[in-house]
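J.: Next one to model:
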Amino acid sequence: MNEWLIYRGTGQPHEGIDRLPAPPPWRNFDGHPVVSAPAPIDTASTRRLGLQQDLAEQYRPRPTELELVNAALYLRRPLLVTGEPGCGKSTLAHAVAHELGLGRVLRWPIVSRTVLRDGLYQYDALARLQDLQLARTAQPEQCLGPGTQETSPGDGIGRYIRLGPLGTALLPAARPRVLLVDELDKSDIDLPNDLLNALEEGEFAIPELERIADRHPEVEVQDDDGGRVTVRGGRIRCRAFPFVVLTSNGERDFPAPLLRRCIHLRLDTPDEDRLAAMVRAHFGPEAAERNRAIIQQFLDRRPGEQRSADQLLNAIYLTQQAGDEDVGTRERLADELMQPLNRVR
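T.: This next block holds a predicted model:
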């Protein structure tokens with residue numbers, strides 16, 4: 001009955017950890033093992049990209065969602081997407097990128113310490129100083145003047161600058177990129193206001209490059225995709241304004257200047273069809289029908305109760321480990337994992 005249990009609470013050491021099955025696709029990590037072993041071809045990052053594509057392919061927006069997404073595209077305005085956790089806010093960005101062929105979604109996850117510069121670019125001044133000191137130590141007879149390390153874009157300051165997701169989205173590409181600014185409501189109070197100028201003007205400056213623009217008008221830096229791009233005159237200005245999706249779980253209000261520059265889309269709680277599509281994307285084409293009872297259990301909530309689609313996915317994954325025969329355990333696990341988020345037990 002309890003064969004699925006790894007930790008049994010007996011206090012006796014055992015090798016049960018070796019029976020732990022593969023993790024859920026959304027919790028699969030790809031760190032290299034400590035011991036030497038051939039690198040797997042199917043890495044976790046590749047699987048995550050495949051999962052995102054499956055979710056994007058199965059995403060079916062409602063008419064209002066479709067209209068507001070197109071409004072943001074036409075008006076070149078950010079799309080502020082709000083709704084409960086797990087309602088599909090992030091998936092919407094991937095669905096637009098997938099359908100329109102706009103490449104990888106540039107994701108900028110927001111935390112309380114995030115500042116605007118984190119999204120625009122990072123400059124590793126300390127690494128540059130250390131490299132200069134090492135060069136002086138290795139070649140003491142050479143006088144390393146200000147221009148020695150900057151004789152070419154690849155060998156100078158550009159090696160220490162990497163564009164962030166927002167900075168990469170504002171590169172002058174012929175087609176717009178999709179930028180996902182995830183959970184903006186978790187930011188410091190100043191970040192929404194700080195975003196205004198970059199989103200309104202579609203450009204920003206890199207002061208470290210502006211200062212040397214007279215000597216080095218073109219400098220190669222790294223972008224968020226890992227490639228090399230040329231920055232001219234120390235400034236970046238977009239050609240096609242990116243499709244920007246700002247997501248919020250509604251934990252705080254935003255200033256009016258930001259709101260008036262955005263198209264606001266409120267996503268409702270996923271219905272049965274959208275949840276079934278999500279389950280198929282994660283667990284296979286037959287999973288939705290096989291877990292119809294758990295999906296219905298997730299949907300059966302009292303007014304005002306909040307649940308996240310993550311809870312449903314966790315419940316399905318774990319109940320599969322319990323086995324189809326142990327119906328009582330499956331039901332009890334599903335009930336425990338899908339408790340309302342806003343109800344303290």
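
J.: quick one, what contacts the residue nearest to the spatial centre of the chain?
T.: Geometric centre of the chain, nearest residue: residue 107, 4.0 Å, by C-alpha atoms, centre = their mean. Taking C-beta atoms under 8 Å, 6 or more residues apart in numbering, we find residue 107 in contact with 165, 180, 182. In this view, the C-beta of every residue, glycine as well, is placed from N, C-alpha and C.

J.: hey, what's it bridged with?
T.: For residue 107, the beta-bridge partners are residue 180 (DSSP bridges).

J.: So for it, what's the pLDDT?
T.: On pLDDT, residue 107 comes in at 96.

J.: and if you look at residue 335?
T.: pLDDT, read off for residue 335, is 84.

J.: buried ones in the host helix or strand of it?
T.: If you go by DSSP states H and E, residue 335 is part of helix 327-337. Along helix 327-337, these residues count as buried under the neighbour rule (16 or more other C-beta atoms under 10 Å): 329, 330, 333, 334, 337.

J.: Any chance of a markdown table for these, columns distance to residue 24?
T.: Formatted as a markdown table, the buried residues of helix 327-337 follow (distance: C-beta to C-beta, whole Å):
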| residue | distance to residue 24 |
| --- | --- |
| 329 | 19 |
| 330 | 17 |
| 333 | 14 |
| 334 | 15 |
| 337 | 12 |
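
J.: Quick check: residue 58 touching residue 279?
T.: No - counting by C-beta atoms under 8 Å, residue 58 stays clear of residue 279, with 9.9 Å between them.

J.: Of these two, which one has the most company?
T.: residue 279 (24 against 17; other C-beta atoms under 10 Å).

J.: for the buried residues of helix 327-337, which one is nearest residue 214?
T.: Nearest to residue 214 among the buried residues of helix 327-337 is residue 337, at 61.4 Å by C-beta to C-beta.

J.: show me what contacts that closest one?
T.: 311, 314, 315, 318.

J.: where's it relative to residue 310, distance?
T.: With distances taken as C-beta to C-beta, to the nearest Å, residue 337 is found 10 Å from residue 310.

J.: Residue 262 now?
T.: In terms of C-beta to C-beta, residue 262 sits 26 Å off from residue 310.

J.: residue contacts, residue 301?
T.: 307, 340.

J.: go with 6 Å
T.: Contacts for residue 301 (C-beta atoms under 6 Å, 6 or more residues apart in numbering) come out as none.

J.: Kindly report the same for residue 96.
T.: residue 178.

J.: tell me which element it is part of?
T.: Going by DSSP H and E, residue 96 is part of helix 89-100.

J.: quick one: buried residues of that helix?
T.: 89, 90, 91, 92, 93, 94, 95, 96, 97, 98.

J.: where does the second one land on pLDDT?
T.: This means residue 90. Per-residue pLDDT puts residue 90 at 89.

J.: likewise the one 3 residues further on?
T.: At residue 93, the predicted lDDT confidence score is 91.

J.: how about low-confidence regions in this protein?
T.: Along the chain, the parts satisfying pLDDT under 70 run over 1-2, 4-11, 17, 25-52, 139-155, 323-326, 343-345.

J.: Now do the strands in it.
T.: Remark: strands assigned in the chain by DSSP state E are 79-82, 106-109, 121-123, 161-163, 178-182, 203-205, 218-222, 228-232, 235-237, 243-248, 263-266.

J.: Put together a markdown table for those, with distance to residue 53 on each row.
T.: A markdown table is the format used below for the strands of the chain (distance: least, C-beta to C-beta, whole Å):
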| stretch | distance to residue 53 |
| --- | --- |
| strand 79-82 | 20 |
| strand 106-109 | 15 |
| strand 121-123 | 29 |
| strand 161-163 | 25 |
| strand 178-182 | 13 |
| strand 203-205 | 31 |
| strand 218-222 | 25 |
| strand 228-232 | 25 |
| strand 235-237 | 29 |
| strand 243-248 | 17 |
| strand 263-266 | 22 |
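
J.: from these, which stretch is densest packed?
T.: Ranked by mean neighbour count, the strands of the chain are led by strand 243-248 with a mean of 25 (mean count of other C-beta atoms under 10 Å).

J.: C-alpha coordinates for that strand, CSV please?
T.: Extracted C-alpha coordinates of strand 243-248, given in CSV (Å, rounded to 0.1, in the frame of the first residue of the first chain):
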residue,chain,number,x,y,z
PHE,A,243,6.4,42.9,-27.1
VAL,A,244,6.6,43.4,-23.3
VAL,A,245,4.5,41.3,-20.9
LEU,A,246,4.5,42.6,-17.3
THR,A,247,3.0,40.0,-15.0
SER,A,248,1.5,40.7,-11.5
